[in-house]
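**Q** Below are the sequence and a predicted model; questions follow.
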Amino acid sequence: MSEVTDAVAHLVEHGTAVPALVLASLAALIATAGFHTRWSRRRGQAPPADDTGARPPTAERTAGTGSTGHETTGSEPGGESTLWRMRTTVRDAPGSLAVLCTALADRRIDILSLQTHPLAEGTVDEFLLRAPGELSGTELAEVVTAAGGARTWTERADAHDLVDAPTRVLALAARTALDAAELPLALRQLLGRCTIRSLPATADGRTGARGDQAVPPEGTLEDTVLRLRAPEGGVISVERPHLPFTPAEFARARALVELDARLGPRIPRARDVLTLPEGSDITVRRADTRDVPAAKAMHERCSARTLGMRYHGPVGDADRYLNHLLSPRYGRTLAVQTASGRIVGLGHLLWDGDETEVALLVEDGWQRRGIGGELLGRLVAMAAETGCESVYAVTQASNTGMVAAMRGLGLPLDYQIEEGTLVVTARLDPSSRSAARLPHGEPIGRE
């Protein structure tokens, strides 16, 4: 349990203003995360194994032929073995799970862990399995169906799925406690491959996910869609078309959102002091809605041309969009600050459903000093850390500075022009993760 202790110590070290509430929320999360490795105990509740991918499994994964990033070992006497995540529904009757486990054993399939989700019409059992390498996902599903399983779903797993559920829940709670922007990412790790959107409150002040539809305080669960009240108003919508949510998963997600609401606004205090080529020092740090006044003042100092390049047209009252852009609910923001405390640059990493957008604004007098490239590199590194496969920037073809900054990433780029608007997409690779220059919550110390 050393990892659990470390997670709790990490929370204490960073000190929140409401430790009792944090512990209460952690207790609520852990209470829904009972982890059972013996199939005979059928009341365990733990979150699905870690899966932050934004795309459905490929045909190669389904066929069980192996792919980069998934664990394949040679522990089986007959050859390599592969990890699988599997869900199936069985009758909640004595002996039904025993028949299924016996069928798996007959095919030399080891059950590494088992979680159960009781439903009115049966029980959804979620397995982490180690199977012979030659066994495909289709064959695995056929074995389970023949043993009485129904609505079976399989997906390749990796070594990250071997972490026990209480440790995973504590780690997600710690991430959320340190950084409000982590909530969407924590929900994705808690619930697996899904699409998460933050939707604002309706114009009449009601909290609704769709125009005239209100969401009650306790949230709603509708098969493959769950909706929860966002702590600051609006709705957090989670969709997983390939796999219905269970009531237990809904309760876990709600507990995590409740923890976030109790902690209030927060971002890591890490900052990085850099020296520009001409000798000026700047500080790069995380920003949120508490920086709206300083960000608005920067906008007022920017020329109409600079603002037009950033927002693709005439710019009205900055208050209308800065609260959104700086909200950790919709992504992460980096601010560039001078020695006097004035903000002269902003970089945004915005969650857009399954996609991720990057956007930059640098005050006129501070342009062409490398600030835009520095911000962009850090934002892309953050995106890679969170498992994003690509990031895109929406700009104008005449914005040579933004185009040059995207090219400077050294990543494969795709270009698309629509009605005078240029969309540049950078495809990320695993090596981008090691390039992260501003890990959330940890100071770099490059002063």
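**A** Okay, I see it. Numbering: from 1, shown residues only.

**Q** what about the helices in the stretch 301-447 of the chain?
**A** 304-311, 319-325, 371-385, 400-407 (DSSP state H, counting those that start in this stretch).

**Q** Residues contacting the host helix or strand of residue 228, please?
**A** Using DSSP states H and E, residue 228 maps to strand 225-229. For strand 225-229, the surrounding residues in contact (CB atoms under 8 Å, 6 or more residues apart in numbering) are 207, 209, 215, 217, 219-220, 235-240, 245, 249-250, 253-254, 257. For glycine as for every other residue, the C-beta is placed from the backbone atoms N, C-alpha and C.

**Q** While we're on residue 259, how confident is the model there?
**A** On pLDDT, residue 259 comes in at 91.

**Q** which SS state does it fall under?
**A** Secondary structure, DSSP: H, G, I helix; E, B strand; the rest coil: residue 259 is helix.

**Q** That one contacts residue 172, doesn't it?
**A** No - under the criterion of CB atoms under 8 Å, residue 259 is not in contact with residue 172, lying 9.4 Å apart.

**Q** neighbour count winner among the two?
**A** Taking other CB atoms under 10 Å, residue 259 and residue 172 do not tie; residue 172 has more neighbours (26 against 23).

**Q** Could you list which residues are in contact with the more buried one?
**A** 29, 186, 189-190, 256.

**Q** what two of the residues you listed are the furthest from one another?
**A** Largest separation among these by CB to CB: 29 and 189, giving 12.8 Å.

**Q** about what we covered before: mind checking which of the contacts of strand 225-229 are in helices?
**A** Using DSSP state H, 249-250, 253-254, 257 are the members of these that sit in helices.

**Q** Tally up the residues packed near residue 133, please.
**A** 17.

**Q** Please tell me the pLDDT value assigned to it.
**A** Looking at residue 133, its pLDDT is 90.

**Q** Leaving out sequence neighbours, find the closest residue to it.
**A** What sits nearest to residue 133 in space, not counting adjacent residues and going by CB to CB, 6 or more residues apart in numbering, is residue 80, at 3.5 Å.

**Q** count of neighbours near the one you found?
**A** For residue 80, the neighbour count with other CB under 10 Å is 13.

**Q** where does it land in three-state SS?
**A** What three-state DSSP gives for residue 80 is strand.

**Q** Show me where the stretch 101-250 of the chain has its strands.
**A** 110-119, 122-132, 150-156, 195-199, 208-210, 213-214, 220-222, 225-229, 235-239 (DSSP state E, counting those that start in this stretch).

**Q** worst average pLDDT in those strands?
**A** Mean pLDDT, when computed for each of those, is lowest for strand 208-210, at a mean of 44.

**Q** and residue 274, what does it touch?
**A** Residue 274 sits next to 281-284, 374, 446 when contact means CB under 8 Å, 6+ apart.

**Q** Please apply the same query to residue 256.
**A** Applying CB under 8 Å, 6+ apart to residue 256 gives the contacts 29, 172-173, 176, 183, 186-187, 190.

**Q** repeat for residue 217
**A** Here residue 217 is in contact with residue 229 (criterion: CB under 8 Å, 6+ apart).

**Q** Kindly provide the distance from it to residue 178.
**A** Taking CB to CB, to the nearest Å as the criterion, residue 217 is separated from residue 178 by 26 Å.

**Q** Spell out the residue ranges of the strands in the stretch 251-400 of the chain.
**A** Here the stretch 251-400 of the chain has its strands, by DSSP E, counting those that start in this stretch, at 271-275, 281-287, 331-338, 343-352, 355-362, 390-396.

**Q** Same list (those) but as a markdown table, adding distance to residue 112.
**A** As requested, those are exported to a markdown table (distance: least, CB to CB, whole Å):
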| stretch | distance to residue 112 |
| --- | --- |
| strand 271-275 | 41 |
| strand 281-287 | 38 |
| strand 331-338 | 35 |
| strand 343-352 | 32 |
| strand 355-362 | 32 |
| strand 390-396 | 32 |
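
**Q** Redo those as TSV? Include distance to residue 105 and mean pLDDT.
**A** Formatted as TSV, these follow (distance: least, CB to CB, whole Å; pLDDT from 0 to 100):
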stretch	distance to residue 105	mean pLDDT
strand 271-275	54	91
strand 281-287	50	94
strand 331-338	47	94
strand 343-352	43	92
strand 355-362	43	92
strand 390-396	42	91
